[in-house]
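Chemist: Requesting a structural model of the entry that follows:
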Amino acid sequence: MSKYKVPFYILLALVIIAIGLLVYYKEVKAPTTQPATQNNLSTPPVTETSPPDNTQPETTPTTGTLAGTADTTTLHINKIIVYNSTGKVEVSSTNLNGDGSFSLTLAPGDYMIDYAASPDLYPHSPEKFSIVAGQTHEVDYSVE
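Modeler: Prediction:
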């Protein structure tokens, strides 16, 4: 008989530890052949991409322009006024530049335009016009 006797429960504990180490090594340390998952969602495959294109995407214009000239000498126009399509609510206005030119940026839609003069010598009434995104509507107020 052998000199050393190892109790059964110690041998069983060593076997359980050995099995635990094998399972740990197989699941944690060894590489897996299945894709990594988290919350049952698979990781998307890695795909090659081309280098980034440094050009910026074209933007669609969201406004249009009302531009023109006005006779500041004969008509004495000093201000351009833009109203909504009914002519009852002022939407925008601008004073004329020294050369009689003006420019306003407006949202697309239908409007009415009028002018203010000092002194107001000539009869005038608002005129209808439309603004299209990315385009300029030209107006010329002059005496012919």
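Chemist: mind checking the backbone torsions on Tyr24?
Modeler: When read as degrees, to the nearest 10, the backbone of Tyr24 gives phi -60, psi -50.
Chemist: and if you look at Ile17?
Modeler: According to degrees, to the nearest 10, Ile17 has phi -60, psi -40.
Chemist: Give me the pLDDT for it.
Modeler: Reported pLDDT at Ile17 in the predicted model: 87.
Chemist: For Thr86, see how far away it is.
Modeler: Distance, Ile17 to Thr86, by Cβ to Cβ, to the nearest Å: 88 Å. (Glycine included, C-beta is placed from N, CA and C.)
Chemist: Kindly report the same for Glu138.
Modeler: On the measure of Cβ to Cβ, Glu138 and Thr86 end up 23 Å apart.
Chemist: And for Gly100?
Modeler: 28 Å.
Chemist: out of those two, which sits in the busier spot?
Modeler: It is Gly100, of Gly100 and Thr86, that has more neighbours when counted by other Cβ atoms under 10 Å, with 18 against 9.
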